[in-house]
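Visitor: Provided below for reference: sequence and predicted model.
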Number of protein chains: 2
Amino acid sequence: MKKNGNIATPVILRMPRYYRCVDELYQSNCVRVSSNTLAARLGLTASQIRQDFSCFGEFGQQGYGYNVKKLHSEIQEILGINEGHKAIVVGCGNLARALIKNFDFKKCGFELIAVFDADPALIGTELDGYLVRDVADMEEYVRTMKPDAAVLTVPTHVAHDSAEALVKAGIRGIWNFTNCDLSISDPSVRIENVVLLDSLLTLSYRLSEDN
Amino acid sequence: MKKNGNIATPVILRMPRYYRCVDELYQSNCVRVSSNTLAARLGLTASQIRQDFSCFGEFGQQGYGYNVKKLHSEIQEILGINEGHKAIVVGCGNLARALIKNFDFKKCGFELIAVFDADPALIGTELDGYLVRDVADMEEYVRTMKPDAAVLTVPTHVAHDSAEALVKAGIRGIWNFTNCDLSISDPSVRIENVVLLDSLLTLSYRLSEDN
């Protein structure tokens, strides 16, 4: 059902929210859902939702709504959740440890296969079941094991070099937590930034609007 | 220089990136910068940057560029960085601990004044210089100390109730890490979501586009 084509970015950015909503319905054994119900839960309009879904083909049936199980698996397919993506973590600071211990990588279809750090005191220790590997072995590991993505949680001053090394070794995606705008020479590498500074600065702006 | 008005959301969302870039220049004692240089650093066009800044008044001088110190302080003012915002952390799991220990709240103009948790084993202990307070005392604390924002890092199943309690007690902003879309009855409360699931799902989508 997946349409390979030019799906507009705002549509793509709404798909994960749709997935979370439909996943909740699916987990609670809901069988059928209307676009009106989805709209009410998501604070969007029903026509917006129907229009977004129509970019990927036809899932619903007029007057019946959506079969939740089918919709769930269609959105999983759209998002690539069942493609067996593999990821590594580079940099084992507090944030990385929080992600390794608590974040549901599986729910996003990612398997965490290795973690790396530069600190001799950490290398060789175990972290939530993962052996912390020497970052000096990272490129060789990426070449051999071919993970799809790296969770980049290294300090700012080594962010660019780490990213370039990963890309050189063949990584295809970077989940970037470094608060740096990475400029990567290979435009085919997908970068998803989580810039916490920007997020809190946006809240600051919104708070100051009131004054 | 700040214009109170209807600034378009995309402009607002670019301001934190501008701030990070100008802050780097400022910290490295750069005196003057052209919109062309800013554009090259940010991967935007010079006219886009000039247009964005013009929403907030006139900072630059034709043919001279921007005075970095002045631009820095103007953007700080726009973003409300100098307004002395106070924040509390609600929920002291791994992610919260990572934020408390490593995140530069000060850079965003926030002072962290208290942290709360529901776990009796944590309450009364010290966390990076903060006494972990009983979440049962949270509403009273918010009413008395009037923090502007709460960093919400509680488990999903208590996310809505915690948010409503905070809002009832007078909180004005929520930095929401719960992976829940909070629906708050008071529309004046500012919510800034950091939905890590959505971010990694977006990366998954982008990776699967290649296949």
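Guide: Perfect, I can see it now. Residues are numbered from 1 along each chain as shown, chains lettered A, B, ... in the order given.

Visitor: For residue A:61, grab phi and psi.
Guide: Reported as degrees, to the nearest 10, the phi and psi values for residue A:61 are phi -140, psi 130.

Visitor: The one 10 residues further on now?
Guide: Here the main-chain torsion angles of residue A:71 (degrees, to the nearest 10) amount to phi -60, psi -40.

Visitor: Tell me the pLDDT of it.
Guide: Residue A:71 is assigned 93 on the pLDDT scale.

Visitor: number of nearby residues for it?
Guide: Residue neighbour count, defined by other CB atoms under 10 Å in any protein chain shown, stands at 23 for residue A:71. All C-beta spots, glycine's among them, are computed from the backbone N, C-alpha and C.

Visitor: from memory it sits against residue A:31, does it?
Guide: No - with contact defined as CB atoms under 8 Å, residue A:71 and residue A:31 do not form a contacting pair (10.8 Å).

Visitor: where do the helices sit along chain A?
Guide: With DSSP state H as the criterion, chain A has helices at A:9-27, A:35-42, A:46-54, A:68-79, A:94-102, A:138-145, A:159-169, A:196-209.

Visitor: Can you list the buried residues in the longest one?
Guide: What it means is helix A:9-27. Judged by neighbour count using 16 or more other CB atoms under 10 Å in any protein chain shown, the buried positions of helix A:9-27 are A:11-12, A:14-23, A:25-26.

Visitor: got the angle between that helix and helix B:196-209?
Guide: Between the axes of helix A:9-27 and helix B:196-209, defined by axes from the mean of the first three to the mean of the last three CA atoms, to 10 degrees, the angle is 110 degrees.

Visitor: Report the distance from helix A:9-27 to the chain centre.
Guide: 12 Å (CA atoms, centre = their mean, to the nearest Å).

Visitor: How about residue A:141, nearest residue that isn't a chain neighbour?
Guide: The shortest distance from residue A:141 to any residue other than its chain neighbours is 6.2 Å, reached at residue A:114 (CB to CB, 6 or more residues apart in numbering or on different chains).

Visitor: err, residue A:30, not the other one
Guide: On the basis of CB to CB, 6+ apart, the spatially nearest residue to residue A:30 that is not a chain neighbour turns out to be residue A:68, at 5.1 Å.

Visitor: I'd guessed that neighbour sits against residue A:32; true?
Guide: Yes - counting by CB under 8 Å, residue A:68 does reach residue A:32; the two are 6.3 Å apart.

Visitor: neighbour-wise, which of the two wins?
Guide: residue A:68 (20 against 16).

Visitor: give the contact list for that one.
Guide: Residues in contact with residue A:68, defined by CB atoms under 8 Å, 6 or more residues apart in numbering or on different chains, are A:22, A:25, A:26, A:30, A:31, A:32, A:33.

Visitor: Give me the residues contacting stretch A:12-31.
Guide: A:33, A:38, A:41-42, A:44, A:49, A:52-53, A:67-69, A:71-72, A:75-76, A:78-79, A:81, A:107, B:179, B:181, B:195, B:197-199, B:201-202, B:205.

Visitor: Just the buried subset of those residues, written out for ChimeraX, thanks.
Guide: Selecting just the buried residues from the contacts of stretch A:12-31 in ChimeraX takes one command, with 16+ other CB under 10 Å as the test:
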select /A:33,38,41,42,44,49,52,53,67,68,71,72,75,76,78,79,81 /B:179,181,195,197,198,199,201,202,205
